[in-house]
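Trainee: sharing a sequence plus its predicted fold:
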Amino acid sequence: MNKNIDHTDPAKDMNSSRGNGGETHQRVESDGKILTTQQGVPIGDNQNSLKAGRRGPTLLEDFVLREKINHFDHERIPERIVHARGSAAHGYFELTESLEEYTTAKILTETGKQTPLFTRFSTVAGSKGSKDTPRDVRGFAVKIYTEEGNWDIVGNNMPIFFIQDAIKFPDLIHAVKPEPDRGFPQAASAHDTFWDFVSLSPETMHNLIWLMSDRALPRSLRMMEGFGIHSYRLLNKEGKSTFVRFHWKPVLGVQSTTWDEAVKISGADPDYHRRDLFEAINNGMYPEWEFGVQLFTEEEAAEFPFDHLDATKLIPEELVPVKTVGKMVLNRYPDNFFAETEQVAFCPSHVVPGIDYSNDPLLQGRLFSYLDTQLSRLGSPNFAQIPINAPKCPFANMQRDGHMQMQVPKGRVAYEPQSLDPDMPREGGKQGYQSFNEQLDDDVKGRIRAESFADHYSQPRLFYRSQTPIEQAHIAAAYAFELGKVDTAHVRTRVLSHLRHIDEDLAKNVADTLGMTLPEPAEAAAPVQDLGTSKAVQTIGVTPESLEGRLVGILVAEGSNHEQLEKFEAAAKEAGASVKIVAPTKEVTLDNGERIQTDERLAGAPSVFFDAVVSIIMPPQAKKLAMDSGALSWFIDAYAHCKAIAYCGATDEFILSKLPIEKDSFVTPLEDTEAFINNAKTRLWEREKKAADIS
């Protein structure tokens, strides 16, 4: 308990100012400690990388950026610094509609061909041994082994990122990782250093509100969208450029858990998502995504009410529709987790002819950072020779030696141009990779952010106001939970000052829950716009009513009715669901004398594992379970999480009637199988207000 609550914000006394893009600069006083490079060179700007013009590409000569990211890339060995906790699968990409008008890339012009790929999903903040279900962004990285070389689409399950310039990435991750003096919390953003950083960096507000939404709690890796985040360029045979953003849309639709479910799942099965992916593929229920693109020209981009080179901005689908042109199917789990899932190395710099980069300053820094971090993590520039990373097309170069060299180059020539060996590879000219010949503006080289990056609140407002009321309540509850873990009063106050620009009701809801007074709104670097709404950014609102890919749990015990069990199992499977049989013991004998081995024991399979539940138990067993707190929680949680429940007479008499469970339309007797199956395709969200205080 702290009786001396101080909301005074010391950041105001740290010589703070705003840059062109609204970024926070804190400059040293004349007698203060100045930030330097490792060589002792004073750093004048720690917020912006060196660019050729305000919206131009990042320059290789930026030694401050290179040293900062290089050191950050090598801070952990051998585990990944971010995205350490991952699961992956093999599969294929198939183009269904050619983009020949826009690009020469064969992978995007030749339809009907199945090209092998490897996809890795991951959390961001946690270590390799952390849980699968924290509130976190999820990595969504795809390596496609095309006939023109490997193409890596390295994105997330959210269409935007926290920061606008790659020079801030080490600061962001240092802030969210376990605090260095105490080593906790693990895989969590609910602590002072993270919220201190984001509250002083208004550019983070958009990704932050996505993090507070249901999108940060995916029900399954198979039910996440994937985004390439940045604008890229497609180049056609005439050299004409079209901007593009890449999308992966799950065929099963987007679905999330509630926060209470996620917390309980992590305790019962920290490998929940990994196990789900493994079981789905092993059962032949291959995860599938539609591949889509948003295409737009330079002229169209100039009319957007935001800068598309700003990675904290999405392009609403109502403004530029997503055109579906292909699909990804995952049909094989890795043969060896370490050799493939752990050793795979994704780099945004891995593109093929016909695809080029934009001047997005975050993307520009990632082009350096990902390659650099693989050198540290995998120990050698020869990581591309590891089978999971090696291209499946012919390749030849002059690169030699190095740690872990696995090839045996022949001949005396390892340079070019040369005249001693006519069979050695040479540059391809027009057959090779061509970069877009961009006409740069007349702006000056320098560390400066474009004024067009300064609007930090309009898109978070669009996101929040696009949500259904239940999703808005979840967002408010998430802010309140996270800030409730923040002990520094002025940091909480600072966050509330930002929320007032996003939505006044949201800010008041969070403040009331925390018992705080609303502060004055933060100073906005640019006018806040009302950009309308976009249904595509919802979660609950776009979750399909379907049992495809879902999981039904059926509770049985000694003497359970085999006909009812078979009836519900068949009905659920016919609707596309998987079924797991749960019982107090690993083996039970049904009423027909048949002895079965259950999939899970009740003690290890809480109802949070399932999308809907059925109870088929006889009176003697029901009486026993009525005395078991775990069994009671099985039903209470299913009800509180708005799921469909089918019950037998004994369940009703000895369990449900004793619990605060109202028999609404989603709590049905075994006799009404059809009603249960229809209910199980969705959730009764109106029940949540009755079952728990989520506001």
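Mentor: Structure's in. What do you need?
Trainee: okay, CA-based contacts and neighbour counts for the rest of this
Mentor: Will do.
Trainee: which ones are touching Q385?
Mentor: Q405, M406 (Cα atoms under 8 Å, 6 or more residues apart in numbering).
Trainee: mind running it again at 6 Å?
Mentor: Q385 makes no contacts at all, as judged by Cα atoms under 6 Å, 6 or more residues apart in numbering.
Trainee: now do the one 4 residues further on
Mentor: Taking Cα under 6 Å, 6+ apart, we find N389 in contact with V344.
Trainee: could you rerun that using 8 Å?
Mentor: Q343, V344, A345, F383.
Trainee: so the second one sits right up against A390, yeah?
Mentor: This means V344. No: between V344 and A390 there is no contact under Cα atoms under 8 Å: 9.6 Å.
Trainee: these two: which is more packed in?
Mentor: More neighbours surround V344 than the other of V344 and A390, with 22 against 17 (other Cα atoms under 10 Å).
Trainee: element containing the more buried one, please.
Mentor: Under DSSP states H and E, no helix or strand contains V344.
Trainee: state the distance from it to I386.
Mentor: Taking Cα to Cα, to the nearest Å as the measure, V344 falls 8 Å from I386.
Trainee: what of D505?
Mentor: 53 Å.
Trainee: those two: which has the busier surroundings?
Mentor: Using other Cα under 10 Å, the more surrounded residue of D505 and I386 is I386, with 18 against 12.
Trainee: residues in contact with the more buried one?
Mentor: Each residue near I386 by Cα under 8 Å, 6+ apart is listed here: Q343.
Trainee: S358 reaches L234, doesn't it?
Mentor: No: S358 lies out of contact with L234 (Cα under 8 Å); the separation is 9.9 Å.
Trainee: now do the shared contacts for those two.
Mentor: The contact lists of S358 and L234 share F243, where a contact means Cα under 8 Å, 6+ apart.
Trainee: between the two, point out the one with more neighbours.
Mentor: Neighbours were counted for S358 and for L234 using other Cα under 10 Å; L234 has more, 28 against 21.
Trainee: that one and P353 touch, don't they?
Mentor: No: the criterion here is Cα under 8 Å, and L234 misses it with P353 at 9.1 Å.
Trainee: confidence-wise, which helix or strand of the chain is lowest on average?
Mentor: helix 63-73 (a mean of 83; mean pLDDT, DSSP states H and E).
Trainee: contacts for that helix next, please.
Mentor: The contact list for helix 63-73 (Cα under 8 Å, 6+ apart) reads 37, 43, 49-50, 60, 81, 167, 169-170, 369, 372-373, 376.
Trainee: again with stretch 465-475
Mentor: Contacts to stretch 465-475, defined as Cα under 8 Å, 6+ apart, come from residues 209, 212-214, 464, 503, 533-535, 537-541, 685, 694-695.
Trainee: likewise for stretch 434-444?
Mentor: A52, G53, R54, G56, L235, G239, S241, P353, G354, D356.
Trainee: and that stretch, end to end?
Mentor: Length of stretch 434-444, first residue to last, Cα to Cα: 26 Å.
Trainee: buried set for that stretch?
Mentor: By 16 or more other Cα atoms under 10 Å, the buried positions in stretch 434-444 come out as F436.
Trainee: same deal with stretch 57-69?
Mentor: Across stretch 57-69, burial judged by 16+ other Cα under 10 Å covers P57, T58, L59, V64, L65, R66, K68, I69.
Trainee: what is the most widely separated pair among those?
Mentor: Farthest pair in these (Cα to Cα) is P57 and K68. Separation: 18.2 Å.
Trainee: what's the neighbour count on G40?
Mentor: G40: 9 neighbours (other Cα under 10 Å).
Trainee: check the secondary structure at it for me.
Mentor: coil (DSSP: H, G, I helix; E, B strand; the rest coil).
Trainee: let the chain start at 43 from now.
Mentor: Renumbered: residue one is now 43, and that last one reads G82.
Trainee: mind checking how far it is from C435?
Mentor: G82 is 46 Å from C435, by Cα to Cα.
Trainee: again, but for R725
Mentor: 47 Å.
Trainee: of the two, which one has the most company?
Mentor: Counted by other Cα under 10 Å, R725 and C435 do not tie: R725 has more neighbours, with 19 against 11.
Trainee: so that one is in which element?
Mentor: Element membership for R725 (DSSP H and E) is empty, with no helix or strand holding it.
Trainee: and it, what does it touch?
Mentor: With Cα under 8 Å, 6+ apart, R725 has these contacts: C684, K685, A686.
Trainee: how about TSV for those, with secondary structure, pLDDT and neighbour count added?
Mentor: Formatted as TSV, the contacts of R725 follow (DSSP: H, G, I helix; E, B strand; the rest coil; pLDDT from 0 to 100; neighbours: other Cα atoms under 10 Å):
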residue	secondary structure	pLDDT	neighbour count
C684	coil	97	22
K685	coil	98	26
A686	strand	98	27
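Trainee: so, low pLDDT: which residues of the protein?
Mentor: Low-confidence segments of the chain, defined by pLDDT under 70: 43-45, 118-120, 734-737.
Trainee: please report how far the most centrally placed residue in it lies from G295.
Mentor: What sits nearest the mean C-alpha location of the chain, by Cα atoms, centre = their mean, is R180, with 2.4 Å. Plainly put, R180 is 16 Å away from G295 if you go by Cα to Cα.
Trainee: now the spatially closest residue to Q68 that is not a sequence neighbour: phi and psi?
Mentor: Once flanking residues are discounted, Q68 sits nearest to S58: 4.4 Å by Cα to Cα, 6 or more residues apart in numbering. Reported as degrees, to the nearest 10, the phi and psi values for S58 are phi -90, psi 150.
Trainee: I'd say S58 and H67 touch.
Mentor: Yes: under the criterion of Cα under 8 Å, S58 makes contact with H67 at 5.5 Å.
Trainee: who wins on neighbours among the contacts of helix 105-115?
Mentor: Highest neighbour count within the contacts of helix 105-115: S91, with 28 neighbours (other Cα under 10 Å).
Trainee: the stretch 443-592 of the chain: strands as residue ranges?
Mentor: Assigned by DSSP state E, counting those that start in this stretch, the stretch 443-592 of the chain shows strands spanning 487-488.
Trainee: what about the helices in it?
Mentor: 500-508, 511-526, 531-544, 546-556 (DSSP state H, counting those that start in this stretch).
Trainee: ok, the stretch 143-292 of the chain next?
Mentor: Here the stretch 143-292 of the chain has its helices, by DSSP H, counting those that start in this stretch, at 211-218, 234-241, 247-253.
Trainee: of these, which is nearest F379?
Mentor: Across the helices of the stretch 143-292 of the chain, F379 has its closest neighbour in helix 211-218 (25.7 Å, Cα to Cα).
Trainee: list the contacts of that closest one.
Mentor: Contacts of helix 211-218 (Cα under 8 Å, 6+ apart): 110-111, 114, 124, 167, 205, 230-231, 233, 235-236, 239-240.
Trainee: can you redo the helices of the stretch 143-292 of the chain as JSON lines with distance to N324?
Mentor: Formatted as JSON lines, the helices of the stretch 143-292 of the chain follow (distance: least, Cα to Cα, whole Å):
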{"stretch": "helix 211-218", "distance to N324": "35"}
{"stretch": "helix 234-241", "distance to N324": "39"}
{"stretch": "helix 247-253", "distance to N324": "31"}
